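Student: Turn this into a structure:
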Amino acid sequence: MMAIAKTPLDIQRIRSDFPILGTRVRGRPLVYLDNAATTQKPTVVIERLVEYYTHENANIHRGVHALSERATSAFEGARDTVRRFLNAASPHEIIFTRGATESINLVASSLGRQLLRPGDEVLITAMEHHSNIVPWQLICEATGARLRVAPINDQGEVIWERFEEMLGPATRIVSVVHVSNSLGTVNPVRRMVQAGHSAGAVVLVDGAQAVSHMPVDVRDLGCDFYVFSGHKVFGPTGIGVLYGKEALLDAMPPYQGGGDMIRSVTFEKTLFNALPYKFEAGTPHIAGAIGLAAAIDYVEAIGRDNIAQYERDLLEYATHLLEEIPEVQIIGKAAHKAAVLSFIIDGVHPHDVGTILDDEGIAIRTGHHCTQPVMDRYGIPATARASFALYNTREEVDALAAGVRKVIEVFRR
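Tutor: Model prediction:
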């Protein structure tokens, strides 16, 4: 048995902050291990959304009445909260979107159409989420550019020599995931950014799986763009963030038209608004941004270094338990991983694994996790994926391991 690491976190108090964790599923206590798909919401976020809709609900920026002023203040305060969270230089560098997917599409569409020409190249890695593949395929088809893919090794790590070799004078954009959602690999993004810049490329980092698990400092990373989704950092769904260096955002054309992105309109000509509003057409998800700020404040109060330390121990413990089961094969054994554990069981389809675990009250994710090329790389159709958050416990990991053993027993009958 592994030694129990000491942690500064009061996990039971943290668990009490998340009302859904008291739910029973099929007569059993919920064991929620699907955090890479979406995280649960603490009471402070839920209450902040209720407070907004109960006492502040109004459209922002254009109103002169009291409710509009309150809503505008809360919304712009949320923007500055995100700026601090990422250590961006200015609130003008924070664009609110619907999520990481829209943020990547915004950059691909706006910057891609401006920057890419036939013969140019966009470099990604073989572990990317579909949201960091398809937008680049679309813009490459539209511009005549070429999409290139840096391979990964059996451990689920980018093969650095190949990544460097694929960078060259034709590379205009590099877009890489910070933490793989299906393998848990933590990429050396600071080094990747430096290599991309040395080749003269603009670099985007997909941080959807990173921001709730570790500190992120965009100025230290040096990236040109960084994206994440609110619902994966204990905030509401339908809200996300695009960080971009101000000079790049300022030079990019608008992504959508209408609403706040306009300074003035005539039938002959439209003048666009300044940053960040140039990229926020229409009424934004006001409540979502305010709820996201509450979630960020919650995470920051606990401390992302503390969270990273705790989750590292949890992942090591879970890996140890599953490796003790001969029928289990872990997919993704990178030296540096975040709180994702993908696995397969000999002779059992992952969907059957998920169904039997659900009977035990254990929620995991099964399938290709929107990373079909990763599954193809390993020659498998899907994995079962347990993903952890700051409110998970060793007892829940024990339940997962027991559930996996039950799956094996069922299929031995």
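
Student: Relative to Ala88, how far out is the residue most central in space within the chain?
Tutor: In the chain, the C-alpha nearest the mean C-alpha coordinate belongs to Ala208, at 1.1 Å (Cα atoms, centre = their mean). Counting by Cβ to Cβ, to the nearest Å, the gap between Ala208 and Ala88 amounts to 17 Å. Glycine gets a C-beta too; all of them are placed from N, C-alpha and C.

Student: And the helices in the protein?
Tutor: 11-16, 43-51, 66-86, 100-115, 134-143, 160-166, 189-198, 218-221, 246-251, 286-302, 304-323, 350-359, 372-378, 394-412 (DSSP state H).

Student: Nearest to Val31, out of these?
Tutor: helix 394-412 (4.6 Å; Cβ to Cβ).

Student: could I get that closest one in PDB with only the CA atoms?
Tutor: The C-alpha coordinates for helix 394-412 follow below in PDB (Å, rounded to 0.1, in the frame of the first residue of the first chain):
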ATOM      1  CA  ARG A 394      -8.500   8.200  -2.100                       C
ATOM      2  CA  GLU A 395     -11.700   6.400  -1.000                       C
ATOM      3  CA  GLU A 396     -13.300   7.200  -4.300                       C
ATOM      4  CA  VAL A 397     -10.200   5.800  -6.100                       C
ATOM      5  CA  ASP A 398     -10.600   2.700  -4.000                       C
ATOM      6  CA  ALA A 399     -14.200   2.500  -5.200                       C
ATOM      7  CA  LEU A 400     -13.000   2.800  -8.800                       C
ATOM      8  CA  ALA A 401     -10.500   0.000  -8.400                       C
ATOM      9  CA  ALA A 402     -13.100  -2.200  -6.800                       C
ATOM     10  CA  GLY A 403     -15.500  -1.400  -9.600                       C
ATOM     11  CA  VAL A 404     -12.900  -2.300 -12.200                       C
ATOM     12  CA  ARG A 405     -12.400  -5.700 -10.500                       C
ATOM     13  CA  LYS A 406     -16.200  -6.200 -10.500                       C
ATOM     14  CA  VAL A 407     -16.200  -5.500 -14.300                       C
ATOM     15  CA  ILE A 408     -13.600  -8.200 -14.800                       C
ATOM     16  CA  GLU A 409     -15.600 -10.700 -12.600                       C
ATOM     17  CA  VAL A 410     -18.700 -10.000 -14.600                       C
ATOM     18  CA  PHE A 411     -17.000 -10.800 -17.900                       C
ATOM     19  CA  ARG A 412     -15.300 -13.900 -16.500                       C
END
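
Student: And that helix, what does it pack against?
Tutor: strand 31-32, helix 304-323, strand 340-345, helix 350-359, strand 362-363 (3 or more Cβ pairs under 8 Å, 6 or more residues apart in numbering; DSSP states H and E).

Student: Mind putting those into CSV with mean pLDDT, mean neighbour count and distance to Ala100?
Tutor: Listed next are these as CSV, based on pLDDT from 0 to 100; neighbours: other Cβ atoms under 10 Å; distance: least, Cβ to Cβ, whole Å:
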stretch, mean pLDDT, mean neighbour count, distance to Ala100
strand 31-32, 98, 24, 21
helix 304-323, 97, 18, 18
strand 340-345, 98, 24, 16
helix 350-359, 97, 18, 24
strand 362-363, 98, 21, 22
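
Student: With respect to Met214, which of the ones you listed lies nearest?
Tutor: Short answer: helix 304-323, nearest of the helices and strands packed on helix 394-412 by Cβ to Cβ, at 4.7 Å.

Student: What is that closest one packed up against?
Tutor: strand 328-331, strand 340-345, helix 394-412.

Student: now the ones you listed in JSON lines, with distance to Arg162?
Tutor: What follows is the helices and strands packed on helix 304-323, written out as JSON lines (distance: least, Cβ to Cβ, whole Å):
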{"stretch": "strand 328-331", "distance to Arg162": "20"}
{"stretch": "strand 340-345", "distance to Arg162": "23"}
{"stretch": "helix 394-412", "distance to Arg162": "34"}
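
Student: what's the closest of those to Pro373?
Tutor: strand 328-331 (13.4 Å).

Student: picking that back up, His213: which of the helices and strands packed on helix 304-323 is closest?
Tutor: strand 340-345 (9.3 Å).

Student: Break this structure down into its structural domains.
Tutor: 11-41+303-412, 46-301 (automatic domain parsing).

Student: can you give me the end-to-end distance of the longest one?
Tutor: One end of domain 46-301 sits 17 Å from the other (Cα to Cα, to the nearest Å).

Student: where along the stretch 151-300 of the chain do the strands fall?
Tutor: Secondary structure of the stretch 151-300 of the chain (DSSP state E, counting those that start in this stretch): strands at 171-177, 202-206, 225-229, 240-244, 262-265, 270-272.

Student: how much space between Ile362 and Leu33?
Tutor: Distance from Ile362 to Leu33, by Cβ to Cβ: 6 Å.

Student: Now list whatever residues contact both of these two.
Tutor: Leu400 (Cβ atoms under 8 Å, 6 or more residues apart in numbering).
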